[in-house]
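Trainee: got a predicted model here, sequence first, then my questions.
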Amino acid sequence: MKRLAKKEELCTGCGECEKVCSQAFFKENDREKSCIQVNEEKIKVCNQCGECIAVCPIEAIYRDKNGVVRINKKICTSCFMCVGFCPELAMMMHGDMLEPFKCIACGQCAKACPTQAIFISEEV
Amino acid sequence: MNMEKINLARKLIKEYHYDLKAIDKGYTGRTLYVNVGSHDIKEKSVTQLIKDKFIGGKGFGLYYLWQAVTESTRWNDPENEIVISSGPVGGITQYPGSGKSLVVTLSPLTDMPMDSNAGGYFGPYLKFSGFDALELQGKADKDVIIFINGVKGTISIEEVPNEDIDTHIFGEQLTELYADNEEDKRNIAVISTGTAARHTNIGLLNFTFYDVRRKGTRLKQAGRGGIGTVFRDKHIKAVVIKVAGVKGNENHPVDKLTLNKIGIKMHKEIHDLDNSQNRMRQIGTANIIEVMDQYDLLPTHNYKFGAHKDTYKISSRVFTAKVTQNSPDGCWFGCSLACAKAADHFELKTGPYKGEKVSIDGPEYENAAGLGSNLGIFDPDAILELNFYCDTYGLDTISFATMTAFVMECYENGILNKERTGGLELTFGNIEAAFELIHQMSRGEGFGKIVGMGIRKMKEYFVKEYGADPKFLSDIGMEQKGLEFSEYLPKESLAQQGGYGLTNKGPQHDEAWLIFMDMVNNQIPTFEDKAEALHYYPMFRTWFGLVGFCKLPWNDIAPANNKFTDEPAKIPEHVQNYVDVYNAVTGMSIDKHELIRQSERVYNFQRLFNIRMGYGKRIHDKIPYRAMGPVTMEEYESRQERYDRQLVEHLGYDPANKTTEEKMKVLREYRLDQYEKLTDAVYKRRGWTMDGVPTAEKLQELGMDLPELLEVVKKHV
């Protein structure tokens, strides 16, 4: 299962990951639009546990062939139950977007992280 | 009849085209009128006055019904309407419980306006199709289906074969018929009823919605007051609605971000606390079965008692094991409280579908208490099957249960016998007899047809035909205003007696549920305290039905710090959530006080509507003594210690050496007097005369001094 793993003790809180993420997904530099968020060296990001899949009553959330939890925006009704029920608080909401958004383990942020505090892992 | 046959026989009677347009701040600004008799279809504008005074939902329903009928209109006259509306907030997806439909009509049980709410998708889909409300008027010659296509902007009336079909089949068939493909089924909502609605006065309206996880339709009900009976009397077989899809901004709220934030806060609260509070996600409202029993509040044997030694057999734990999917179900998008439950693959043991495996929605608490303990039935499978047949036949479970409990007590008292019931041995606990009764209602045969009239009419019938004692029937017949009581035993809570009795539509707990505040926690000891509660809570809870909310997420979950607030029973943080959500959708800036005033306007309107129809005064607010105290020696003696103690403590009456009859008489006089004093206090607090009529001053104060209301007041004050 592909996921973004973390070693919080290595995090310096520089915020590079947030910049890269929001640029990659939303073409702007706004940490509120980043799928990974760092607060006092605590890294908030999806670990692909998939609890949100069962929470979504309309099956708009699914696990893809790489094991990554994805949102089908076409059928998502923007209820944000998945945000309130995420045990990692890593399902995100922003007022500019209708649907929630989350880390899909693309690895862009890991490449940019100067201390390797985040990295792509295939371990379960 | 199969769908192919219906499809072949379908005949388009009328097609109407309309412009699709976006919703603005929760309103479409227009309503849809369909006359199934004349085939007239038209759009009506919603004026600012209608929005200001009536808000939406039940308010709109009452407004349009008032315009449609006269004082002499009865439920089966063509001019009677069924009005369906959600409300300005209805259809948001962010906050749990925001998809309610409110249905209003003149009831065959009460001859007054009835309002009943249902989950499912219909109300929101009606708005997404372009209409704040739907008025159904007239009476068709042949059965019709109305199809509102919110994707294309068309409304059609189609003639279909004149044959009744039960909802678990029909809802599924119509969803299949009108959806483009499997993916599209979630965009279809259907309202219809079942075979028993034509033969009884307690027909309900089923609201189907498509459950994508089960790949099947589910049912929610506008259950109370015989709305389904009116629906079938109009020869409407179904109303089907179709939308293009649902997103969180369909209502075009002024402040979507606030909606998102408040919604997420609630989802998180439910995620964190529901398991340790009410387990709504696990078992829904049935969580309270054993709690009610523990406090002697679970109606048992026609409300004689509040507990039974066998309640453990139908406890919430037993039903939890019967609920099959193990994933919480909501009845509208985004409802994280998710109280809708279902038992799948249930093999039916009786009736026309015997041997078939079906999905049964429920049980909710009311079903378990009504079909269970109140009938002396402690078999969970029997309760589930009765629940299934009530739903698919289109019978209000609460009325069916309370009526059946009534005839069982009549049977045990010799008022009824096998000859009179056509062979049914209607003793408490007789499962077989209960099933035969319900199947007779579906077929319109036998004693089922008599019971299906409702308790009020049965009382008259039993007196006239069988010479029954009218006083005894009046004491034990648990109806008021013609509507059967819902399933709580209010004997030991004066405030709840008022919560049932001093209501607009009849004894239903949706206005006020004060038993714990009053009886268990003693938080409202004086008449004034009780009157304040019987003002605030009915008004507060009326508001849910104006805007499109469900009541449950208000107090079936509470914030962690709620008990430290000034008024924990009101759940102040949730009240503020509602104010904020309403303002975020509509752009208004109400506060919690204006919220109450919004309700007061509609509440007083409904009261005056009742009075206009010849009811709704003090005499109609009286309740049967079974709701207030022990009618029989058996009841008194079963709780003798409690009643004896009360005689000493409240009246200084020494019960020693007194017969049970003597003590019952004294207790009865006391309790009747208490109810009258409570009535005085409540009327005063609500701004009504001592005969229960809202005053002109009260209407002026509320900004509801509309000429048509003042005219009613003038006639009755």
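Mentor: Right, received. Where do you want to start?
Trainee: name the element the residue of chain A found nearest chain B belongs to?
Mentor: In chain A, the residue that lies nearest chain B is A:Gly84 (2.3 Å; Cβ to the nearest Cβ). No exception for glycine: its C-beta is placed from N, CA and C like everyone else's. Assigned by DSSP states H and E, A:Gly84 belongs to helix A:81-85.
Trainee: picking up where we left off before, can you pull the contacts of the residue of chain A closest to chain B?
Mentor: B:263-271, B:336 (Cβ atoms under 8 Å, 6 or more residues apart in numbering or on different chains).
Trainee: and it, how far is that from B:His271?
Mentor: In this structure, A:Gly84 and B:His271 are 6 Å apart, going by Cβ to Cβ, to the nearest Å.
Trainee: what of B:Leu706?
Mentor: In this view, B:Leu706 and B:His271 are 45 Å apart by Cβ to Cβ.
Trainee: for B:Thr397, same thing?
Mentor: From B:Thr397 to B:His271 the distance is 31 Å (Cβ to Cβ).
Trainee: of those two, which one has the most company?
Mentor: B:Thr397 (27 against 18; other Cβ atoms under 10 Å in any protein chain shown).
Trainee: and what about B:Pro630, helix, strand or coil?
Mentor: coil (DSSP: H, G, I helix; E, B strand; the rest coil).
Trainee: what does the closest residue to chain A within the stretch 51-200 of chain B show for phi and psi?
Mentor: Sorted by distance to chain A under Cβ to the nearest Cβ, the residues of the stretch 51-200 of chain B start with B:Thr93, at 4.2 Å. When read as degrees, to the nearest 10, the backbone of B:Thr93 gives phi -110, psi -10.
Trainee: quick one: contacts for it?
Mentor: Contacts for B:Thr93 (Cβ under 8 Å, 6+ apart) come out as A:77-79, B:246-248, B:332-334.
Trainee: so which of these is the closest to B:Ile476?
Mentor: In terms of Cβ to Cβ, no member of the contacts of B:Thr93 lies closer to B:Ile476 than B:Trp332, at 38.6 Å.
Trainee: and the pLDDT for that closest one?
Mentor: Predicted confidence (pLDDT) for B:Trp332: 97.
Trainee: and the residue nearest the centre of chain A, which of the three is it?
Mentor: Centroid-nearest residue in chain A, with Cα atoms, centre = their mean: A:Cys103, separated by 2.4 Å. When classified by three-state DSSP, A:Cys103 comes out as coil.
Trainee: ok, it - contacts?
Mentor: Taking Cβ under 8 Å, 6+ apart as the test, what A:Cys103 contacts is A:4, A:21, A:35-36, A:45-46, A:90.
Trainee: again with B:Ala434
Mentor: Contacts of B:Ala434 by Cβ under 8 Å, 6+ apart are B:371, B:375, B:377, B:382, B:386, B:404.
Trainee: near chain A, from the residues you listed?
Mentor: By Cβ under 8 Å from any Cβ of the partner chain, no member of the contacts of B:Ala434 lies near chain A.
Trainee: how far off centre is stretch B:589-604?
Mentor: In terms of Cα atoms, centre = their mean, to the nearest Å, the centre of stretch B:589-604 is found 22 Å from the chain centre.
Trainee: tell me the buried residues in that stretch?
Mentor: Using 16 or more other Cβ atoms under 10 Å in any protein chain shown as the test for burial, stretch B:589-604 gives B:590, B:595-604.
Trainee: please convert those to a markdown table, extending it with pLDDT.
Mentor: Listed next are the buried residues of stretch B:589-604 as a markdown table, based on pLDDT from 0 to 100:
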| residue | pLDDT |
| --- | --- |
| B:Ile590 | 98 |
| B:Leu595 | 98 |
| B:Ile596 | 98 |
| B:Arg597 | 98 |
| B:Gln598 | 98 |
| B:Ser599 | 98 |
| B:Glu600 | 98 |
| B:Arg601 | 98 |
| B:Val602 | 98 |
| B:Tyr603 | 98 |
| B:Asn604 | 98 |
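Trainee: could you pull out the helices in chain A for me?
Mentor: In chain A, the segments counted as helices under DSSP state H are A:16-26, A:51-55, A:81-85, A:108-112.
Trainee: residue contacts, B:Val46?
Mentor: Counting by Cβ under 8 Å, 6+ apart, B:Val46 has contacts B:27-31, B:60, B:132.
Trainee: residues from chain A in reach of chain B?
Mentor: Residues of chain A that fall close to chain B, judged by Cβ under 8 Å from any Cβ: A:54-55, A:57-59, A:75, A:77-81, A:83-85, A:93, A:95, A:98.
Trainee: residue boundaries of the strands in chain A?
Mentor: For chain A, the strands defined by DSSP state E cover A:3-6, A:37-39, A:42-44, A:61-63, A:69-71, A:118-121.
Trainee: most packed of the ones you listed?
Mentor: Burial of the strands of chain A is given as mean neighbour count (mean count of other Cβ atoms under 10 Å in any protein chain shown); strand A:3-6 ranks first at a mean of 22.
Trainee: elements contacting that one?
Mentor: In terms of contacts (3 or more Cβ pairs under 8 Å, 6 or more residues apart in numbering or on different chains; DSSP states H and E), strand A:3-6 is packed against strand A:118-121.
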